[in-house]
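[1] No letters, just coordinates:
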């Protein structure tokens, strides 16, 4: 019997609110199935299960905030006791911040839903997941929808404060208070974006306090890449166009494959390199905040597929529909400032990862090419790395590999 | 369709890409990247949405021509008038 628990969806998460069950007792589940939706400080996350079996019992009630590790459901493996008749969520669900009680050895094992890097599903499209509605105006978390329906509120009249303007549970509660014309407290509740800011601050403080960062930078000629991209996109319809950022993510994934010491997780037992490269792509959310969901096994994707994966991630990040594996199985982060703006970015490593690749916006600069000076488009790449794991030499190898890859964009 | 219609469509698609933007607060001269903070993925999504809706394929070389609602309305009206 396995206990499916509230997962840790990142170094910055302590508790989450269960907002929707996508399975019921008696349902068969497979590794990678999305079984529940949990609202965190970084929006609603679709949580996957990492075992096979039959859902025996739902332990947690929708709407409850639960600490990381709290039991959510019991899952019987093949051949184990037949599932009991369908029952509702158990009454005794602990509420946050109480620690999970009644922990068993099984539960302790299951309390690490975050698969070690490399053991996760290899391709995003290989996972059976329910259809996710595209990010549209009116995006809302499932909890917000459920609560709005309960209160008889029209969700389209509520202003969302979540990623991409998505309506969150707190917005509905605030809307309900407003509708009654009686706000119970003079001080408004913390906005979800404030919560995200706190989460980022906590994770980045922990990173800076525990990871001895060091940095290597190099300015790279990307004229071949930008020229190739311009030509490729000139005749392409918008849906088929590729952004420079996709070339960066692809090159970083291939470079990380060569320099394994920058790709993996640092845990209690030290550094464990990952067999796969799952680059986390930093996505700035409108209205503030940042998430870095991962593209699974990025080296196996073509450039077009990498771009498609990035579009999908950005859309779901803004609608608040990322998946738990994407939040936890990143093995290195790529953060690019986009196509305009500052020229250098020196980033903070996202634990438990050990490296972050920061890319400034491209700049036109005088550059020496074949002994002559000419204007070229260049970009400054800065690798932030963990000195417990790597030295300058390895970071330099990464930069050299990245640079070489961008000189032949047609081969990416 | 008039420029005013194209402006309305542009704002509608813009606020669909960036739902936090209140259409009532967008001025004709707001730059979609510098003022409204769209990033390159947002701009691509906006261009794709306009393509789906109007059948107008805006090449990358013309992105500057849709940088503000006023520019975009004039550009879309001009291109639509040519039968794209």
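    Looks like it arrived, so ask away. Computed from a prediction, not measured in an experiment: that's the story for all the values here. Numbers count the residues shown, from 1 in each chain, chains lettered A, B, ... in the order given.
[2] which element is the most centrally placed residue in chain B on?
    The residue lying closest to the centre of chain B (Cα atoms, centre = their mean) is residue B:10, at 4.2 Å. If you go by DSSP states H and E, residue B:10 is part of helix B:3-17.
[3] outside of that helix, which residues touch it?
    Applying Cβ atoms under 8 Å, 6 or more residues apart in numbering or on different chains, the set of residues contacting helix B:3-17 from outside is A:136-137, B:21-23, B:26, B:28, B:32, B:36, B:38, B:42, B:45-46, B:49-50, B:53-54, B:66, B:69-70, B:72-74, B:76-77, B:80. C-betas here are computed from N, CA, C, even on glycine.
[4] give me that answer again for 7 Å
    A:136-137, B:21, B:23, B:26, B:32, B:42, B:45-46, B:49-50, B:53-54, B:69, B:72-74, B:76-77 (Cβ atoms under 7 Å, 6 or more residues apart in numbering or on different chains).
[5] Mind listing what's buried along the very next helix or strand once past that helix?
    Using DSSP H and E, the helix or strand that follows helix B:3-17 in sequence is helix B:40-54. Residues of helix B:40-54 classed as buried by neighbour count (16 or more other Cβ atoms under 10 Å in any protein chain shown): B:40-51, B:54.
[6] can you narrow the residues you listed to ones near chain A?
    B:40, B:41, B:44, B:47, B:48, B:51 (Cβ under 7 Å from any Cβ of the partner chain).
[7] The fifth one contacts residue A:237, correct?
    When you say that, I think you mean residue B:48. No - judged on Cβ atoms under 7 Å, residue B:48 makes no contact with residue A:237 at a distance of 8.0 Å.
[8] helix, strand or coil for the closest residue to residue A:330 other than its chain neighbours?
    Among residues not flanking residue A:330 along the chain, residue A:280 sits closest, at 3.1 Å (Cβ to Cβ, 6 or more residues apart in numbering or on different chains). Three-state call for residue A:280 (DSSP: H, G, I helix; E, B strand; the rest coil): strand.
[9] show me the contacts for residue A:280.
    Contacts of residue A:280 by Cβ under 7 Å, 6+ apart are A:292, A:293, A:294, A:330, A:333, A:350.
[10] between those residues, which is closest to chain B?
    residue A:293 (13.5 Å; Cβ to the nearest Cβ).
[11] Let me see the contact set for that closest one.
    Residue A:293 touches A:280, A:281, A:283, A:313, A:317, A:322, A:326, A:327, counting by Cβ under 7 Å, 6+ apart.
[12] And for the last one, the neighbour number?
    Read that as residue A:327. Using other Cβ atoms under 10 Å in any protein chain shown, residue A:327 has 25 neighbouring residues.
[13] tell me the phi and psi of the residue nearest the centre of chain A?
    The centre of chain A sits closest to residue A:293, judged by Cα atoms, centre = their mean, with a distance of 2.2 Å. Phi and psi for residue A:293, reported as degrees, to the nearest 10, are phi -70, psi 150.
[14] possible to save the contacts of residue A:293 as a markdown table with secondary structure?
    As requested, the contacts of residue A:293 are arranged in a markdown table below (three-state DSSP):
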| residue | secondary structure |
| --- | --- |
| A:280 | strand |
| A:281 | strand |
| A:283 | strand |
| A:313 | helix |
| A:317 | helix |
| A:322 | strand |
| A:326 | helix |
| A:327 | helix |
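[15] ok, which stretches of the stretch 101-250 of chain A are helices?
    Along the stretch 101-250 of chain A, the stretches classed as helices by DSSP state H, counting those that start in this stretch are A:105-110, A:142-151, A:169-180, A:192-210, A:223-234, A:244-258.
[16] And chain B, is the fifth one touching that?
    Pointing back at helix A:223-234 there. Yes - using Cβ under 7 Å from any Cβ, we find that helix A:223-234 touches chain B at A:230, A:233, A:234.
[17] Tell me which residues of that helix come out buried.
    With the criterion 16+ other Cβ under 10 Å, helix A:223-234 contains buried residues A:223, A:225, A:226, A:228, A:229, A:233.
[18] Average pLDDT for it, rounded please.
    Averaging pLDDT along helix A:223-234 yields 95.
[19] tell me the angle of that helix relative to helix B:40-54?
    For helix A:223-234 against helix B:40-54, the angle by axes from the mean of the first three to the mean of the last three Cα atoms, to 10 degrees is 20 degrees.
[20] Other residues contacting helix A:223-234?
    A:241-242, A:244, A:247, A:362, A:376-377, A:406-407, A:409-410, B:59-60.
[21] 10 Å instead, please
    Residues outside helix A:223-234 that contact it (Cβ atoms under 10 Å, 6 or more residues apart in numbering or on different chains) are A:222, A:240-244, A:246-248, A:251, A:303, A:339, A:362, A:364, A:367, A:369, A:374-379, A:405-410, A:412, B:44, B:59-61.
[22] so residue A:390 touches residue A:398, yeah?
    Yes - counting by Cβ atoms under 10 Å, residue A:398 is a contact partner of residue A:390 at 8.9 Å.
[23] between those two, what contacts are shared?
    A:216, A:259, A:261, A:262, A:355, A:383.
[24] Find the nearest non-adjacent residue to the fourth one, please.
    The one in question is residue A:262. residue A:355 (3.9 Å).
[25] for chain A, what are the low-confidence residue spans?
    A:12, A:81-146, A:149-150, A:152, A:162-164, A:178-192 (pLDDT under 70).
[26] just chain B next, same as before
    B:83-84.
[27] hmm, 80 instead?
    In the predicted model of chain B, residues B:82-84 satisfy pLDDT under 80.
[28] my guess is residue B:40 contacts residue A:311, does it?
    No - the pair residue B:40 / residue A:311 is not scored as a contact, 11.2 Å apart, by Cβ under 10 Å.
[29] got a list of what residue B:80 touches?
    Residue B:80 neighbours (Cβ under 10 Å, 6+ apart): B:1, B:5, B:6, B:54, B:55, B:56.
[30] which of those residues count as buried?
    B:6, B:54, B:56.
[31] I'd like to know how far residue A:282 sits from chain B.
    Distance of residue A:282 to chain B, computed by Cβ to the nearest Cβ, to the nearest Å: 11 Å.
[32] Excluding covalently adjacent residues, which one is nearest to that residue?
    In space, and not counting its chain neighbours, residue A:282 is closest to residue A:335: 3.8 Å by Cβ to Cβ, 6+ apart.
[33] Show the contacting residues for the one you found.
    A:248, A:280-284, A:290, A:292, A:345, A:347-348, A:350, A:356-359, A:382, A:384.
[34] Assumed it was part of a helix.
    No - counting by three-state DSSP, residue A:335 is located in no helix; its state is strand.
[35] Now residue A:196: closest residue in space that isn't a chain neighbour?
    residue A:289 is the one closest to residue A:196 (Cβ to Cβ, 6+ apart), at 4.1 Å.
[36] What count of nearby residues applies to that neighbour?
    Residues near residue A:289, counting by other Cβ under 10 Å: 22.
[37] With residue A:38 instead?
    26.
[38] Stretch A:402-412 and chain B, any residue contact?
    No - Stretch A:402-412 does not reach chain B (Cβ under 10 Å from any Cβ of the partner chain); its nearest approach is 15.6 Å.
[39] Straight-line length of that stretch, end to end?
    Terminal residues of stretch A:402-412 lie 11 Å apart, using Cα to Cα, to the nearest Å.
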